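>>> I would like the atomic coordinates for the input below:
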Amino acid sequence: KGEGHVEGEKVENPDTGLYYDEYLKQVIDVLETDKHFREKLQTADIEEIKSGKLSRELDLVSHHVRTRLDELKRQEVARLRMLIKAKMDSVQDTGLDHQALLKQFEHLNHQNPDTFEPKDLDMLIKAVSA
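Presented below is the predicted three-dimensional model:
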C-alpha cells in the first residue's frame, strides 16, 4: 500500500549461491555509501556494468570508501588463503600447483592482495555475470 523504497533503507539482497557471496554484498554495500558511485550505478545499464565502464568510476569515490574496499579485499584474500591452505593440507600432495589454485578465484586480482582497484571491481562484475 504505497510503501516505496525509503532513502537509506537497507534492501536485503538474496543469496547468490556464489562462494564469494558475502564479499560481493559487502563491496556493493560500501560502494553504495558513495553518493557519486550510487548515482552512476543507478543510471548505468547492464552493458555499461559488464563492459567495465562502471569500474572506472572507482577512481572517483571518496578516500574513506577506497580504504574500506581495501580492507574488505585484504579480508577476502585472507579467507581465500585459508581455503587454499585447507585444500593443500587435505591433499597432502607436494606437487600441488599453488598458482593453479589461485586462478580458481577469479573474482579478485590476487596479484595485488592489498588494494581494491578498478580491475578488482571489473573482475568481480565479470565473475558474477559469467
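>>> can you give me the helices for the protein?
For the chain, the helices defined by DSSP state H occupy 21-31, 35-43, 46-51, 63-91, 98-103, 118-129.
>>> who are the packing partners of the longest one?
In this structure, helix 63-91 packs against helix 21-31, helix 98-103, with contacts taken as 3 or more C-beta pairs under 8 Å, 6 or more residues apart in numbering; DSSP states H and E. Using the backbone N, CA and C atoms, a C-beta is placed for each residue, glycine as well.
>>> again, but for the second one
Where contact means 3+ C-beta pairs under 8 Å, 6+ apart, helix 35-43 is packed against helix 21-31.
>>> any residues touching the helix it packs on, and which ones?
Defining contact as C-beta atoms under 8 Å, 6 or more residues apart in numbering, one finds that helix 21-31 is touched by 13, 15-16, 18, 37-38, 41, 61, 65, 68-69, 72, 75-76, 79, 107-108, 116, 121, 124, 128.
>>> any idea which of the helices and strands packed on helix 63-91 scores lowest on pLDDT?
Note on those: helix 98-103 shows the lowest mean pLDDT, a mean of 62.
>>> where does the prediction get shaky in this structure?
Where the chain drops to pLDDT under 70, the residues are 1-17, 91-104.
>>> same thing but at 80, please
Within the chain, the segments meeting pLDDT under 80 span 1-18, 86-105, 110, 130.
>>> and the helices of the chain: which comes nearest Glu57?
Closest to Glu57 of the helices of the chain, according to C-beta to C-beta: helix 35-43, at 4.9 Å.
>>> what angle separates the closest one from helix 118-129?
The directions of helix 35-43 and helix 118-129 differ by 30 degrees, with axes from the mean of the first three to the mean of the last three C-alpha atoms, to 10 degrees as the criterion.
>>> of the contacts of helix 21-31, grab the buried ones for PyMOL.
Here the buried members of those are turned into a PyMOL selection, burial being counted by 16 or more other C-beta atoms under 10 Å:
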select buried, resi 37+41+61+65+68+69+72+76+107+108+116+121+124
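>>> so what's Val77 closest to, chain neighbours aside?
Pro113 (4.3 Å; C-beta to C-beta, 6 or more residues apart in numbering).
>>> isn't Arg66 up against Pro118?
No. Applying C-beta atoms under 8 Å as the test, Arg66 and Pro118 come out as separate, 10.8 Å apart.
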